[in-house]
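**Q** sequence and predicted structure below; questions after.
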Amino acid sequence: MSAATASAAPSAWRRATRSPGLVIGLAMVLTVVALAILAPWIAPHDPNEQDPVAALTGPSAEHWFGTDFFGRDVLSRVIWGARISLSVGFLATAIGVVVGTAIGVLAGYFGGWTDRLITAATDVLLSFPQLIMGLMLVAVLGPSLGNLILAIAVTAVPAFIRIARGSTLAMRQRDFVDACRALGYADLRIMFGHILPNILDEVVVLASLWLATAIRTESTLAFIGLGVPPPTATWGSIVREGFDNLLDAPWLSIFPSLAILAVMVGLNLIGDGLRDATDPRGAP
């Protein structure tokens, strides 16, 4: 890691901790993550337990978010659904970050035919709308948790290739890279030991924003029936189950939709806060 990166880190951290949006976003997201982790202990009911007598019961002291068509507790299903929705989003984004950033650094560092080939493939993938590509992949692979993660990860890779490539193209012209070459450092060491740490801030900002996109995509695919098969609870599938009873039992769709909205807002606040914190034009 270069000295410039090390010296900039404390300043970026100070700006981040002074950003109210970032703090609020972290609080919102961490709260939902904590609920998902603690689901077995805090969910008031089994998410798949059916009680036909209590079907389509509105919010009450017994069922805070009401019940669905099968008498299942909506609050419990929303809490347990957070596990699947967040897990898919985090894992798909992590795969996209690792694979896309590595390929982007390779393309930007070596240039030539390697760069042209990777750029052409990236442009082809980016020509498809992200949701449409995910839909096609899940339709071909089949609806399952693993296939859902893989499909969303594939849609994330091109975005990280592009940002990592662009940043690497700028970094490889810096003096410290020439100094590393003069010292006889291997290309892999230069790319991932010196260039990568200097472009991570842009990658992290994109990752926080893309995580929101991944969760939204998972919810959309689950809504149209291409998510994790029932009776496993996910936010998108819960919204879909309530869609048929939207007029008679609006709580079925409202509460999982609010959970999705809260995470989307929180992640976007985090992304904006990180972007401002890593902006070199920001105040120290």
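**A** Okay, I see it.
**Q** identify the residue spatially nearest to residue 29, adjacent ones excluded.
**A** Computed as CB to CB, 6 or more residues apart in numbering, the closest residue to residue 29 that is not its neighbour in sequence is residue 266, at 4.1 Å. For the C-beta atoms, the positions are set from N, CA and C on the backbone; glycine is no exception.
**Q** report the secondary structure state of the one you found.
**A** Going by DSSP: H, G, I helix; E, B strand; the rest coil, the secondary structure assigned to residue 266 is helix.
**Q** and it, what does it touch?
**A** Counting by CB atoms under 8 Å, 6 or more residues apart in numbering, residue 266 makes contact with 24, 25, 26, 27, 28, 29, 32.
**Q** closest to residue 48 among those residues?
**A** The shortest approach to residue 48 among the contacts of residue 266 belongs to residue 32, at 21.0 Å (CB to CB).
**Q** ok, that closest one to residue 242 distance?
**A** In this structure, residue 32 and residue 242 are 19 Å apart, going by CB to CB, to the nearest Å.
**Q** do residue 218 as well
**A** Where residue 242 is concerned, residue 218 sits at a distance of 17 Å (CB to CB).
**Q** follow-up on the earlier one: more neighbours: residue 32 and residue 242, which one.
**A** Each of residue 32 and residue 242 has its neighbours counted (other CB atoms under 10 Å); residue 242 has more, 24 against 18.
**Q** just the buried residues of the helix or strand harbouring the more buried one, please?
**A** Using DSSP states H and E, residue 242 maps to helix 235-243. Judged by neighbour count using 16 or more other CB atoms under 10 Å, the buried positions of helix 235-243 are 235, 236, 237, 238, 239, 240, 241, 242.
**Q** which among the residues you listed gets closest to residue 270?
**A** Among the buried residues of helix 235-243, and counting by CB to CB, the member closest to residue 270 is residue 235, at 18.9 Å.
**Q** for the closest one, list the residues it contacts.
**A** Contacts for residue 235 were tallied using CB under 8 Å, 6+ apart; they are 78, 81, 82, 85, 219, 222, 256, 257, 259, 260.
**Q** so what's the residue count around the last one?
**A** Yep, that's residue 260 we're talking about. 24.
**Q** so where does it fall, helix or strand?
**A** Assigned by DSSP H and E, residue 260 falls in helix 251-278.
**Q** check which residues of that helix are buried.
**A** Counting neighbours by 16+ other CB under 10 Å, the buried set in helix 251-278 is 251-257, 259-260, 263-278.
**Q** pLDDT of that helix, averaged?
**A** Averaging pLDDT along helix 251-278 gives 85.
**Q** chain center to it: distance?
**A** In terms of CA atoms, centre = their mean, to the nearest Å, the centre of helix 251-278 is found 11 Å from the chain centre.
**Q** likewise for stretch 70-81?
**A** From the chain centre to the centre of stretch 70-81 is a distance of 23 Å (CA atoms, centre = their mean).
**Q** for the chain, longest helix please?
**A** Secondary structure assigned by DSSP state H gives helix 74-110 as the longest helix of the chain.
**Q** run the angle between that one and helix 235-243 for me.
**A** 140 degrees (axes from the mean of the first three to the mean of the last three CA atoms, to 10 degrees).
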